[in-house]
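In: Next input, structure requested:
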Amino acid sequence: MDAKEQNEEMPRSRMDQLFALAEEHDGLLTSREARAAGIQDSVLVRLAQRGRLERMTRGVYRIAHYPADRLAQYREAVLWAKASQGPECIALSHETALVLYGISDANPSRVSLTVPTSARLRRKRPEWVAIHRANLSPQDIGEYEGLPVTTVSRSVMDVLLATHRTDVARQSIRDAVREGLLNSREANSLRRTIARTSSVPSSSTNGSQVKVHEAATN
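Out: A predicted model of the protein is given here:
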């Protein structure tokens, strides 16, 4: 048996397993993912006590000293919502989505997430996460560097209906066209929709009421 075969048969350390899980999310992992890999919650707790892991929010950990990137907080928000059997059909949305696309100068204090209207988020909500409820269709969700994000069109309308800021919506459309994220037909359709709905009371685009900064649920 050569050295390569010996290495392949050697059991991987717990940290090696956790590193493999965390690579997909830039150093972040959930206790749910760890359990699926055969690593119990008690092991994560001990590693956190030893400084090998950092507990970010309940059910979400970061590999200690793993270099964080500019999207780390967004990834943490998504993992938090999906932790412990959380809803799968979620997306970063509203002002957060516009910022990710680079078509807004907004600097929101919270990361906006849209989850299904019937979703039960069992874990305490971090104060920096804002929950919006709506039943997104697959056509409403895109991807940005591996993150689920509402599409440009959906994001613009969500912000308009939640804030009534037609100036922000129109500016985002102009920037999206300039960046090649919307074509002229899509932009014109959005502008017509804005003209028709700018006076409609705040709600989600599918008629579901939006709960912003939803109270934490345990």
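In: From now on I want contacts and neighbour counts done on CA atoms only, so please keep to that.
Out: Fine.
In: can you pull out the helices in this protein?
Out: Ranges of helices within the chain are 3-9, 14-23, 31-36, 41-49, 72-82, 94-101, 152-163, 166-178, 184-197, based on DSSP state H.
In: Check these for me: which has the lowest mean pLDDT.
Out: Among the helices of the chain, helix 3-9 carries the lowest mean pLDDT, at a mean of 41.
In: what pairs with Arg133 across the strands?
Out: Val115 (DSSP bridges).
In: what about the most centrally placed residue in the chain, distance to Thr114?
Out: With distances taken as CA atoms, centre = their mean, Val78 lies nearest the centre of the chain, 3.5 Å away. Using CA to CA, to the nearest Å, Val78 is found at 10 Å from Thr114.
In: For these two, list the residues in contact with both.
Out: Common neighbours of Val78 and Thr114, using CA atoms under 8 Å, 6 or more residues apart in numbering, are 90-92.
In: Which of those sits closest to Ser118?
Out: Ile90 (11.9 Å; CA to CA).
In: Contact partners for that closest one?
Out: For Ile90, the contacting residues are 78, 113-116, 136, 148, by CA under 8 Å, 6+ apart.
In: which of these tops the neighbour count?
Out: Each of these was scored by neighbours using other CA atoms under 10 Å; the highest score is Leu113's, at 27 neighbours.
In: If we ignore the residues flanking it in sequence, what's nearest that one?
Out: Excluding the flanking residues, the one nearest Leu113 by CA to CA, 6 or more residues apart in numbering is Leu92, at 4.5 Å.
In: what does Gln139 give?
Out: Nearest residue to Gln139 in three dimensions, chain neighbours excluded: Thr151, at 7.9 Å (CA to CA, 6+ apart).
In: The one you found and Asp158: what is the separation?
Out: Here the criterion is CA to CA. By it, Thr151 lies 10 Å from Asp158.
In: same check, this time on Arg165
Out: For Arg165, the distance to Asp158 (CA to CA) stands at 11 Å.
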